[in-house]
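Enquirer: Structure, please.
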Amino acid sequence: MAAKIGPQNYPRIEDENDKYRGFLDESLLSEHVHKIGTDELKRIISEAIEYADIKTSQDYFKIPRGLSATQRKRIYEKSGKELFTYFRRYCGDPAMTALQCNNKHFSIIAKEQFRNVTLQKMRMNSGWRYQHIAKNAALLSKRFLEVSDIGATEADFNATIGIRQSHKKLYIYVSVKNRTNTMGGQDWPKAITVLETMANSDRNRNGPYLCVFGIAMEKGNRLIKKSNKTKQPYSMNTEIWLSDFFWPFFSNYSFREIAQAVLDVLVVQNVNGKLDVKIPKEMVEAFGSLCFKNGLTDYKGIFGDPHKLVEFFCGKKRVNEHYC
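Expert: Just a heads-up that it's a prediction; the model follows:
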């Protein structure tokens with residue numbers, strides 16, 4: 001188990017009077033010598049928002065890697081049918097929903113319904129966004145020898161940094177979470193074990209490692225998770241970096257500055273707090289086909305009769321679910 005792995009030989013704070021004794025000593029690592037410009041930071045954030053939206057959509061479909069275009073198309077079409085079923089079953093107020101759909105194209109309604117389905121993924125969307133920002137900010141900060149998410153099966157990204165006054169390097173394996181309560185207390189020991197096992201067995205590593213759980217949106221400095229029973233750390237080589245330490249370390253920006261920059265980009269993009277879901281056209285078309293075959297839309301794809309929609313939501317008429 002990870003708790004039995006001995007301490008890695010990286011620089012640690014040794015002062016007995018320091019409350020962070022045993023933690024990584026950042027003063028002995030390569031320093032920041034460059035700060036990413038504001039425009040560049042906002043470009044990273046813009047890309048991160050798009051990346052998170054796409055990943056949210058992919059996660060919804062749970063598409064295995066390596067599928068052909070035809071296989072992916074079938075999954076999207078099946079999801080369109082499921083969305084049509086959701087539209088009928090969970091419409092809320094039938095009369096109000098019918099009125100809101102009136103004179104709208106089916107593609108608009110499909111996207112609204114899909115957004116409703118994926119609302120619970122909002123937290124995951126934020127996590128992917130900040131993970132992408134942290135990785136790319138670290139990559140462009142010029143502080144690190146290498147930053148990569150290739151092969152990071154358990155970590156979100158890996159970073160390698162020089163140790164001052166030596167030729168040694170420290171390998172940092174980073175898993176990004178929104179907040180410390182993203183995982184329950186009983187889940188932390190397993191997550192720590194899995195991350196350290198990966199770090200410890202990495203054959204490409206040529207130096208000591210440190211495992212980090214970066215907490216993107218919770219203020220604070222650093223902590224180490226310990227067993228409630230033994231009061232001993234679950235790992236001697238794993239730290240929890242809260243936002244006031246995490247962001248300056250990787251980006252050379254404070255948590256407040258990152259949050260302000262994200263807000264600026266969201267405002268420019270006119271994001272209203274809802275997910276800008278990337279819904280596949282095959283899914284939309286399957287949804288639209290079912291709407292037309294059930295008499296809900298005209299040949300242009302427009303909902304034109306709210307009374308038919310109320311009957312669709314409330315009536316007992318058998319629904320045509322064949323979209324092909």
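Enquirer: Now the element after the top helix by length along the chain, going C-ward?
Expert: In the chain, taking DSSP state H as the definition, the longest helix is helix 38-61. Following helix 38-61 in sequence order, the next helix or strand is helix 69-89 (DSSP states H and E).
Enquirer: Low-confidence regions, the stretch 1-150 of the chain specifically.
Expert: Within the stretch 1-150 of the chain, the stretches with pLDDT under 70 are 1-3, 57-60, 62-63, 65, 119-123.
Enquirer: can you pull up the bridge partners for residue 176?
Expert: residue 214 (DSSP bridges).
Enquirer: Counting by contacts, list what the longest helix of the chain packs against.
Expert: helix 69-89, helix 122-141, helix 255-268 (3 or more C-beta pairs under 8 Å, 6 or more residues apart in numbering; DSSP states H and E). For the C-beta atoms, the positions are set from N, CA and C on the backbone; glycine is no exception.
Enquirer: Outside of the shortest one itself, list whatever touches it.
Expert: Right, the one you point to is helix 255-268. For helix 255-268, contacts defined as C-beta atoms under 8 Å, 6 or more residues apart in numbering pick out 38, 41-42, 45-46, 49, 129, 133, 217, 219, 243-244, 246-247, 251, 253.
Enquirer: What of the second one?
Expert: Defining contact as C-beta under 8 Å, 6+ apart, one finds that helix 122-141 is touched by 32, 34-36, 40-41, 44-45, 47-49, 51-53, 55-56, 59, 144, 147, 149, 156-157, 159, 174, 176-178, 182, 214, 216-217, 246-247, 250-253, 258, 262, 275.
Enquirer: Just the buried ones from the residues you listed, in PyMOL syntax?
Expert: Provided next is the PyMOL selection string for whichever of the contacts of helix 122-141 are buried by 16 or more other C-beta atoms under 10 Å:
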select buried, resi 36+41+44+45+48+49+51+52+53+55+56+144+147+156+157+159+174+176+177+178+182+214+216+217+246+247+250+251+252+253+258+262+275
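Enquirer: you'd agree residue 308 is up against residue 295?
Expert: Yes - with contact defined as C-beta atoms under 8 Å, residue 308 counts as touching residue 295 (6.0 Å).
Enquirer: which of the contacts of helix 255-268 lies closest to residue 170?
Expert: The nearest member of these to residue 170, counting by C-beta to C-beta, is residue 246 at 16.0 Å.
Enquirer: residues in contact with residue 90?
Expert: residue 116.
Enquirer: Same check on residue 176?
Expert: 127, 130, 131, 134, 156, 213, 214, 216.
Enquirer: per-residue confidence at the fifth one?
Expert: When you say that, I think you mean residue 156. pLDDT for residue 156: 88.
Enquirer: So residue 310 belongs to a helix, correct?
Expert: Yes - looking at residue 310 with DSSP: H, G, I helix; E, B strand; the rest coil, it is inside a helix.
Enquirer: And it, what's its pLDDT?
Expert: 93.
Enquirer: I'd guessed it sits against residue 101; true?
Expert: No - using C-beta under 8 Å, residue 310 is not in contact with residue 101, being 10.4 Å away.
Enquirer: Show me which of those two is the more surrounded one.
Expert: Neighbours per residue, other C-beta atoms under 10 Å: of residue 310 and residue 101, the larger number sits with residue 101, 24 against 16.
Enquirer: shouldn't the more buried one be in contact with residue 302?
Expert: No - assessed by C-beta under 8 Å, residue 101 is found out of contact with residue 302, at 9.6 Å.
Enquirer: gap between the residue nearest to residue 243 when sequence neighbours are not counted and residue 267?
Expert: Distances taken as C-beta to C-beta, 6 or more residues apart in numbering place residue 255 nearest to residue 243, at 3.9 Å, with adjacent residues excluded. According to C-beta to C-beta, to the nearest Å, residue 255 and residue 267 sit 19 Å apart.
Enquirer: Mind checking which of the two has more residues around it?
Expert: residue 255 (21 against 9).
Enquirer: any idea of the pLDDT on the more buried one?
Expert: For residue 255, pLDDT reads 93.
Enquirer: What is the burial count for the spatially closest residue to residue 8 that is not a sequence neighbour?
Expert: Of all residues not flanking residue 8 in the chain, residue 208 sits nearest, at 4.0 Å (C-beta to C-beta, 6+ apart). Applying other C-beta under 10 Å, we find 17 residues neighbouring residue 208.
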